[in-house]
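> I'll drop the sequence and a predicted model, then ask my questions.
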Amino acid sequence: MKFNTKTIHGGQAPDKAYGSVMPPIYQTSTYAQTTPGGHKGYEYSRTHNPTRHALEQSFASIENGDYGLAFGSGLAAIDAIIKLLSPGDEVISTNDLYGGTYRLFTKVFEKFQIKFHFVGMENISEIEKNITSKTKLIWVETPTNPMLNVIDIKAVSSIAKKYNILLAVDNTFATPYLQQPLDLGADIVMHSATKYLGGHSDVVMGALAVKDKSIADQLYFIQNASGAVCGPQDSFLVLRGIKTLHVRMQRHCENGRAVAMFLQQHSKVENVYWPGLETHPNHHIAKDQMNDFGGMLSFTTKGNNYEEAIKVVERLKVFTLAESLGGVESLAGHPASMTHASIPKEEREKTGVVDSLIRLSVGIEDEQDLVEDLRQALHGA
């Protein structure tokens, strides 16, 4: 089954009760039993729910995995992965990553004696330099948030397998439409399903997909024991979103290209970060492991001026100044004061998250309207 078909039919079947094409919203906490332990596969909705189960099957299908898990948020999904570890274990992580992930790693799990090394993985040799006998997980985000760095998943997988280390990949920016990390050697793929998988900025959710049963069983145990699951209504919304993922991503990519090309030529723009540009440091890797280059990009205004960057985002009219990304509507953000404010300034700036950096989530509106909106915002600033 090809990807475009999987988004609609992958892991799905008509509901057994009445043949409903869309999985019903099973808004229930518990299920009747004929005898203690005698049930139809569902006993309590923290553990299993038919609507959530249908969504988890879809997650697995579109990522070419065998097992899928849905959580109450992307951070809850990451939390479950780190709970595979024990005190004293070490993690090698991308140094340019979502601020919420950094906060979870450093402010929550470091207290439990899990050590994190943040390295620039664009240069693969930096990973091996930090591997010790205690290294149990490599955490990759690619493309990264917000600098759109691209990391070679196959190359990292070779290192992980060499040292028998788990490899987890945050695939939120790319989505399985653009890249499928499990096929490239990852053990776990993670999504903030709030973003492109849901696609309509109306739900908060996290997703995991794996191929290995032993890893899946451990994650299912943590999911049930910790209880950070999503509800059936949210599961229904993301199932609906996935059905149009392929057509939305095509337009996101087209519009992303148009916006990147416009910004690259603008006199008030210093740098444009988008994997589709030939000037991107790892453009060749993006071409190899991605099917297109996505709708996420960042840019800096000239002079690294905080006030000027703020004026630009405040003047936007079609782009909405807001947190998050991946919805049908275009969003703009200022990472240093919004999504990455939890990262210390000196650490942010090491990875390029300077005060003039603006991140765009390019939606599926008319590309000319998006370009003209950026033109007027830059002109006014």
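Here it is on my side, so go on.

> would you say residue 311 is within a strand?
No: counting by DSSP: H, G, I helix; E, B strand; the rest coil, residue 311 is not part of a strand but helix.

> Make sure it is actually in contact with residue 376.
No: look at residue 311 against residue 376 with CB atoms under 8 Å: they stay out of range, at 11.9 Å. C-beta here means a position set from N, CA and C on the backbone, and glycine is covered the same way.

> Who is residue 119 paired with across the strands?
residue 94 (DSSP bridges).

> Could I get the average pLDDT for stretch 52-64?
Stretch 52-64 shows a mean pLDDT of 98.

> ok, and what's touching that stretch?
1, 3, 6-7, 10-12, 23, 45, 65-70, 171, 176, 180-183, 189, 191, 193, 197, 207-209, 211, 229-232, 235-236, 238-239, 242, 245 (CB atoms under 8 Å, 6 or more residues apart in numbering).

> just stretch 238-247 next, same as before
3-4, 7-8, 22-23, 51, 54-55, 58, 62, 70, 175-177, 193, 196-200, 203, 205, 230.

> 6 Å instead?
4, 7-8, 55, 58, 177, 193, 197-199, 203, 205 (CB atoms under 6 Å, 6 or more residues apart in numbering).

> Only whichever of those are buried, select them in PyMOL.
Selection of buried members from the contacts of stretch 238-247 for PyMOL, criterion 16 or more other CB atoms under 10 Å:
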select buried, resi 7+55+58+177+193+197+198+199+203+205
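
> Can you tell me which of the contacts of stretch 238-247 lies closest to residue 34?
residue 55 (27.2 Å; CB to CB).

> Now do the SS call for that closest one.
helix.

> And residue 8, by the same measure?
helix.

> ok, of the contacts of stretch 238-247, which one's closest to residue 112?
residue 205 (25.3 Å).

> was I right about the closest one contacting residue 229?
No: with contact defined as CB atoms under 6 Å, residue 205 does not count as touching residue 229 (9.8 Å).

> one step back: the contacts of stretch 52-64 in helices, which ones?
3, 6-7, 176, 232, 235-236, 238-239, 242, 245 (DSSP state H).

> Could you identify the most distant pair in these?
Most distant of the ones in helices among the contacts of stretch 52-64, by CB to CB, are 3 and 232, 26.1 Å apart.

> before we move on, the earlier item: any of the contacts of stretch 52-64 buried? List them.
3, 6-7, 10-12, 23, 45, 65, 67-70, 171, 176, 180-183, 189, 191, 193, 197, 207-209, 211, 229-232, 235-236, 238-239, 242, 245.

> Low-confidence ranges, this structure, go.
The model of the chain has pLDDT under 70 over residues 381.

> Identify the residue nearest the residue nearest the centre of it in space, chain neighbours excluded?
The chain has residue 172 as the residue nearest its centroid, 1.8 Å off, counting by CA atoms, centre = their mean. Leaving aside its sequence neighbours, residue 172 sits nearest to residue 192 (CB to CB, 6 or more residues apart in numbering; 4.7 Å).

> so what's the one you found bridging to?
residue 206.

> circling back to that earlier point, export the ones in helices among the contacts of stretch 52-64 to TSV and tack on distance to residue 316?
Formatted as TSV, the ones in helices among the contacts of stretch 52-64 follow (distance: CB to CB, whole Å):
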residue	distance to residue 316
3	33
6	35
7	31
176	30
232	36
235	33
236	32
238	28
239	32
242	29
245	26
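
> thinking the residue nearest to residue 172 is in contact with residue 74, fair?
Yes: at 3.0 Å, residue 192 and residue 74 qualify as touching, with contact defined as CB under 6 Å.

> Comparing those two, which residue is more hemmed in?
residue 192 (29 against 24; other CB atoms under 10 Å).

> What distance do you get for that one to residue 363?
Here the criterion is CB to CB, to the nearest Å. By it, residue 192 lies 17 Å from residue 363.

> Then residue 52?
28 Å.

> repeat for residue 247
Residue 247 is 13 Å from residue 363, by CB to CB.

> Can you pick out the residue with more neighbours from those two?
residue 363 (23 against 13).

> Nice, that's everything, thank you.
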